[in-house]
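[1] Here is the input, now give the coordinates:
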Amino acid sequence: MKLEPYRILFVCLGNICRSPSAEGVVRHLAARANPPLLLELDSAGTAGYHIGAPPDPRSQAAARRRGIDISDLRARRVEPNDFSRFDLMLAMDRENLSALERARPRNSRALLRLFLEYAPGSGFHEVPDPYYGTAQDFERVLDLCTSAAQGLLDELQQRS
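    Residues are numbered from 1 along each chain as shown. Take a look at the predicted model:
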């Protein structure tokens, strides 16, 4: 019997800062999980501002400083079939969660949640958008993503 991967989509507005950072952090931490988890990870945006673009250079630099390479990721927009393809869709903030809820087809199988629900001790409910911020804001995104990623992976390990 072939095991199916658990499919997770990380979602922000433009898919060049927060959601590729979250995807990269989860991919990085999951690669070190013991026992290994069978995951399929992707990221997308609720808007199509940057389709085909790599992650923001500041996101890439911050991730690279932590040993995480997200340079091969490319921005895309959430598509209707994502709601049936993915088991879990994790929004970076309430605005994008609402956009997902509005776009969700009736027979969707995906569970929609905020990513930081997996980091209850972070003091944040949303991953703040660093786009107009400083280098420190990109570091904060990675800190929050790391906390949430660990909580997510812990929950998935317990389930498996």
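[2] what's the average pLDDT for the helix or strand where Ser147 lies?
    Element membership for Ser147, per DSSP states H and E: helix 135-159. Throughout helix 135-159, pLDDT has a mean value of 96.
[3] Which strands or helices does that helix pack on?
    Under the contact criterion of 3 or more Cβ pairs under 8 Å, 6 or more residues apart in numbering; DSSP states H and E, helix 135-159 touches helix 18-30, helix 57-65. Any C-beta I mention is one placed from the backbone N, CA and C, and that applies to glycine too.
[4] With distance to Pro80 and mean pLDDT as added columns, please give these in JSON lines.
    Shown next, in JSON lines, are the helices and strands packed on helix 135-159 (distance: least, Cβ to Cβ, whole Å; pLDDT from 0 to 100):
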{"stretch": "helix 18-30", "distance to Pro80": "18", "mean pLDDT": "98"}
{"stretch": "helix 57-65", "distance to Pro80": "27", "mean pLDDT": "98"}
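[5] ranking the ones you listed by burial, who's on top?
    Mean neighbour counts were compared across the helices and strands packed on helix 135-159 using mean count of other Cβ atoms under 10 Å; the top stretch is helix 18-30, at a mean of 26.
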